[in-house]
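Novice: show me how the following folds:
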Amino acid sequence: VQLQASGGGLVQAGGSLRLSCAASRINLITKAVAWYRQAPGKERELVARQTTSGVKTYADSVKGRFTIAKDNDNDSVHLQMNNLKPEDTAVYYCNIASNWKVLGGLRGYWGRGTLVTVSS
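Specialist: Modelled structure (predicted):
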């Protein structure tokens with residue numbers, strides 16, 4: 001299984017980016033998916049997740065600005081990020097697991113991460 005994340009970059013505050021995570025050799029229909037991020041000097045944190053039944057959860061800091069979406073037809077996961085703020089600057093990682101309870105741990109799969117930098 002491989003997860004290839006893309007879409008990061010440098011953007012001004014207020015701008016938008018769309019992150020994508022393409023999965024190979026795995027079918028996402030039965031999987032929970034999530035995006036995590038880790039800013040310099042900080043611990044990794046959950047940004048958004050989608051359960052196998054489609055329930056979406058967001059960190060309070062990104063509610064109303066970010067949207068997670070799973071594309072079962074193409075085995076990919078996206079994170080639409082709008083109205084970006086400097087505090088959103090981090091490396092973003094996609095994560096896939098058999099169910100939402102094991103997201104964020106060692107029992108799932110992780111992408112390599114894509115850097116998002118938001119300038120003020």
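Novice: which element is the residue nearest the centre of the chain on?
Specialist: Central residue check for the chain by CA atoms, centre = their mean: the C-alpha nearest the mean position is that of Trp35, 2.3 Å away. Per DSSP states H and E, Trp35 falls inside strand 32-38.
Novice: buried residues, that strand. List them.
Specialist: Buried residues in strand 32-38, counted by 16 or more other CB atoms under 10 Å: Ala32, Val33, Ala34, Trp35, Tyr36, Arg37. C-beta here means a position set from N, CA and C on the backbone, and glycine is covered the same way.
Novice: give the closest residue to the second one in space, chain neighbours not counted.
Specialist: In space, not counting the residues next to it along the chain, Val33 is nearest to Val77; the distance is 4.5 Å by CB to CB, 6 or more residues apart in numbering.
Novice: give the bridge partners for the one you found, please.
Specialist: Per DSSP bridges, the residues bridged to Val77 are Cys21, Lys70.
Novice: residues contacting the residue nearest to Ser120 when sequence neighbours are not counted?
Specialist: Distances taken as CB to CB, 6+ apart put Pro86 closest to Ser120, at 4.7 Å, once the chain neighbours are dropped. Applying CB atoms under 8 Å, 6 or more residues apart in numbering to Pro86 gives the contacts Ala13, Val118, Ser119, Ser120.
Novice: just the buried residues of the residues you listed.
Specialist: Buried subset of those (neighbour count, 16+ other CB under 10 Å): Val118.
Novice: show me the contacts of Pro86 that map onto strands.
Specialist: Among the contacts of Pro86, the subset assigned to strands under DSSP state E consists of Val118, Ser119.
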